[in-house]
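K.L.:
I would like to see how this sequence folds:
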Amino acid sequence: MDIDPKPIPEFLAQQRDEHAPAELQHFFLDFEDFWDRKLWHQLTNSLDDFFKVPASGPMRLEVFKNFVLRFADKINQLKLVELGLAASQQCKDYNDALSFLQNITKKVNNKDSQDAWVYATVEVARIKLCLHDTEGARQALDEAEKTLDKFDSVESIVHASFYRVNSDYYSTKREFSAYYKNALLYLACVQSNELPKEKQTELAYNLSISALLSEKIFNFGELLMHPILDSLVDTEHAWIRDLLFAFNAGDLGKYNSLLGHFDKQELFKHKQQFLREKLCLSALTESVFRRPPSDRALSFATIVSETGVDLQEVEYLLMKALSEGLIRGSIDQVAGIARITWVQPKVLDKNQIEGMRKRLMEWDASVSELNHHMEKQLREGTTA
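P.N.:
Numbering: from 1, shown residues only. Presented below is the predicted three-dimensional model:
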């Protein structure tokens, strides 16, 4: 990093008089005052406020290189990285930004500032992804994760950065399950309603695609309950939200009505057979879930009717559901019956909740009937 050799007061005066718009000039007076009195905390806060003003954009890089770096070891190192990230947005290209952030990473690589080192290392990985260096990005993320796992606690901004960039990596590699997990962990570290609307929609769309195309994810409950999914409402991607709920309910009719949208997503064109199988699995678990525990012996004919598969595909569907841990039970091939003892819980929509309410009412009625019967038997026994 090239540093202007001017004395700090002279540099600040030049920036104030020659580059700063009128509404930002007071910051430079504060900078000089706080620096002169060595009020590092107040100076950090003032710099943070300055960097958050959009009009400061063209000045951030020069201010960081020629002012902030001169007292970098005096301020909170995590905040130093934050300021550096804001400044890096003014770098001329990704290679320049990479070199800039790598220098910051080296500067904060100290025993007492490992959280800042992790933060900076993760952002180096982000730039490497932008440069299509996925191997370098993975190496940087793995190094950061090793250190991150050692912390008892760390600022949420560090975890958020790691999960965000890690999910970007898995998105690049089209590893849907890993992307889904890391993107949800990222959302757990931030307030999703504070993200830009476009970012919310992008995240919700990508999460939905990953949930549907993952070979390991059959329960979308965490995503279905997350408010970010509502960002798809009244957009061109609203159909993907409807598709998620159709999968959750095993709704074959709704799925078929949405098939016309599949041409909008290139990844779906070559995955229709897989998606159909995944939907049939959901329809099977929904069929089991709707039944009371005492009525979970399903004939193969019933399964054909409720899942839409052919008769010769029933056993494969059941074996797949058993192997994925979606159900537990046994298959009687001779009698053509599947006896289900357990079904994986799932998030319920309003219709499913109503179905559960009815089953609870039926259970309550049967318990009451049994209670009356036992009281009657007791009275008759006492009389006798």
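K.L.:
all strands for this protein, in order.
P.N.:
297-299, 327-332, 337-343 (DSSP state E).
K.L.:
Count the residues that sit near residue 99.
P.N.:
The tally of other residues near residue 99 (other CB atoms under 10 Å) stands at 13. C-beta here means a position set from N, CA and C on the backbone, and glycine is covered the same way.
K.L.:
wait, what's in contact with it?
P.N.:
Not one residue lies near residue 99 by CB atoms under 8 Å, 6 or more residues apart in numbering.
K.L.:
can you give me the helices in the stretch 101-250 of the chain?
P.N.:
114-130, 134-148, 156-173, 176-189, 197-213, 221-224, 238-249 (DSSP state H, counting those that start in this stretch).
K.L.:
now, of those, which is deepest in the fold?
P.N.:
Among these, ranked by average contacts under mean count of other CB atoms under 10 Å, first place goes to helix 114-130 (a mean of 25).
K.L.:
What helices and strands are in contact with it?
P.N.:
Counting by 3 or more CB pairs under 8 Å, 6 or more residues apart in numbering; DSSP states H and E, the packing neighbours recorded for helix 114-130 are helix 77-88, helix 94-107, helix 134-148, helix 156-173.
K.L.:
Now do that helix against helix 134-148: the angle between them, please.
P.N.:
Here helix 114-130 points in a direction 170 degrees away from that of helix 134-148 (axes from the mean of the first three to the mean of the last three CA atoms, to 10 degrees).
K.L.:
Let me know the average pLDDT across helix 114-130.
P.N.:
Mean pLDDT, helix 114-130: 98.
K.L.:
Using PDB, list the CA coordinates for it.
P.N.:
Listed next in PDB are the C-alpha coordinates belonging to helix 114-130 (Å, rounded to 0.1, in the frame of the first residue of the first chain):
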ATOM      1  CA  GLN A 114      -7.800 -13.600  15.600                       C
ATOM      2  CA  ASP A 115     -11.500 -12.700  15.100                       C
ATOM      3  CA  ALA A 116     -10.400  -9.800  12.900                       C
ATOM      4  CA  TRP A 117      -8.000 -12.200  11.000                       C
ATOM      5  CA  VAL A 118     -10.900 -14.600  10.400                       C
ATOM      6  CA  TYR A 119     -13.100 -11.800   9.100                       C
ATOM      7  CA  ALA A 120     -10.400 -10.500   6.800                       C
ATOM      8  CA  THR A 121      -9.500 -14.000   5.600                       C
ATOM      9  CA  VAL A 122     -13.100 -14.800   4.700                       C
ATOM     10  CA  GLU A 123     -13.300 -11.600   2.700                       C
ATOM     11  CA  VAL A 124     -10.100 -12.500   0.900                       C
ATOM     12  CA  ALA A 125     -11.900 -15.800   0.000                       C
ATOM     13  CA  ARG A 126     -14.800 -13.800  -1.400                       C
ATOM     14  CA  ILE A 127     -12.600 -11.800  -3.700                       C
ATOM     15  CA  LYS A 128     -10.900 -15.100  -4.800                       C
ATOM     16  CA  LEU A 129     -14.300 -16.400  -5.800                       C
ATOM     17  CA  CYS A 130     -14.900 -13.300  -7.800                       C
END
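K.L.:
before we move on, the earlier item: of the strands of the chain, which is nearest residue 133?
P.N.:
Nearest of the strands of the chain to residue 133, taken as CB to CB: strand 327-332 at 43.9 Å.
K.L.:
just the CA coordinates of that closest one, formatted as CSV?
P.N.:
Output of strand 327-332 as CSV, limited to C-alpha atoms (Å, rounded to 0.1, in the frame of the first residue of the first chain):
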residue,chain,number,x,y,z
ILE,A,327,-40.5,-43.4,7.6
ARG,A,328,-40.0,-46.5,9.8
GLY,A,329,-41.9,-49.7,9.4
SER,A,330,-42.0,-52.9,7.4
ILE,A,331,-43.1,-54.1,4.0
ASP,A,332,-45.2,-57.2,3.4
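K.L.:
what about residue 344, neighbour count?
P.N.:
Using other CB under 10 Å, residue 344 has 15 neighbouring residues.
K.L.:
so the top helix by length along the chain versus helix 238-249, what angle?
P.N.:
Ranked by residue count under DSSP state H, the longest helix found in the chain is helix 350-383. Angle between the axes of helix 350-383 and helix 238-249 is 20 degrees (criterion: the same axes, to 10 degrees).
K.L.:
Just the mean pLDDT for helix 350-383, thanks.
P.N.:
Across helix 350-383, pLDDT averages out at 77.
K.L.:
what's that helix packed up against?
P.N.:
helix 272-290.
K.L.:
and the helix it packs on, which residues are buried?
P.N.:
Within helix 272-290, the residues that count as buried by 16 or more other CB atoms under 10 Å are 275-276, 278-290.
K.L.:
How far does the longest helix of the chain sit from its chain's centre?
P.N.:
How far helix 350-383 lies from its chain's middle: 44 Å, per CA atoms, centre = their mean, to the nearest Å.
K.L.:
Let's have the strands of the chain in CSV, adding mean neighbour count, distance to residue 60 and mean pLDDT.
P.N.:
Shown next, in CSV, are these (neighbours: other CB atoms under 10 Å; distance: least, CB to CB, whole Å; pLDDT from 0 to 100):
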stretch, mean neighbour count, distance to residue 60, mean pLDDT
strand 297-299, 17, 64, 95
strand 327-332, 15, 57, 95
strand 337-343, 18, 55, 95
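K.L.:
Lovely, talk soon.
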